[in-house]
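A.B. asks: What follows is a protein structure lacking sequence information:
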């Protein structure tokens, strides 16, 4: 049964501390076959410490929850608020769609989508978040529905998007979906 002690300087909000102990417990259980009930994580605060000849008295910045950044971006896109959606993107943002179609701006996405769809809606059913180094990877999965440019409607089309989030901004989005399968069936007359 792991017992993990974390020492922090003051200044971290309770929700940040809560997220930290939850993630440390999950991390420990991903390496050690321990039950949730047997995993203990606690935080203690110290008023000050010295390292490398410098004295520190307050904690640093907390990272935003990457899956919340992704959902805010997707919600803004769903509302067609491109200005708000763009606030969630890094300066070097790139998105890749099936057939290796790559774009760097939401305006490119709109131009690319315009001849394909009259409308399209993404319903997120699951979010999975993992962390690495200075960022996180978020997988969003669910179903697409909408109307193709030719008037043919669709629904229940599976999708999965992979996002790389660094310092609260989306740097990369990779998109996979089954729309190509549906288009092939439509073309074949099925």
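C.D. replies: Perfect, I can see it now. A quick note: this is a predicted structure, and the numbers were derived from the prediction, not measured.

A.B. asks: got the residue ranges for the strands in this protein?
C.D. replies: Secondary structure of the chain (DSSP state E): strands at 3-8, 40-45, 49-51, 54-56, 89-97, 101-103, 117-132, 135-148, 153-166, 169-177.

A.B. asks: Minimum distance to residue 28: which of the ones you listed has it?
C.D. replies: Checking the strands of the chain against residue 28 by CB to CB gives strand 3-8 as the closest, at 6.2 Å. For the C-beta atoms, the positions are set from N, CA and C on the backbone; glycine is no exception.

A.B. asks: how about a markdown table for the strands of the chain, with distance to residue 110 added?
C.D. replies: Converted to a markdown table, the strands of the chain look like this (distance: least, CB to CB, whole Å):
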| stretch | distance to residue 110 |
| --- | --- |
| strand 3-8 | 44 |
| strand 40-45 | 45 |
| strand 49-51 | 49 |
| strand 54-56 | 46 |
| strand 89-97 | 12 |
| strand 101-103 | 10 |
| strand 117-132 | 10 |
| strand 135-148 | 14 |
| strand 153-166 | 17 |
| strand 169-177 | 15 |
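
A.B. asks: closest one to residue 64 among those?
C.D. replies: strand 153-166 (8.2 Å).

A.B. asks: What is the distance between the helix-or-strand element of the chain with minimal mean pLDDT and the centre of its chain?
C.D. replies: Least confident helix or strand of the chain, by mean pLDDT, DSSP states H and E, is helix 179-187 with a mean of 80. Offset of helix 179-187 from its chain centre (CA atoms, centre = their mean, to the nearest Å): 28 Å.
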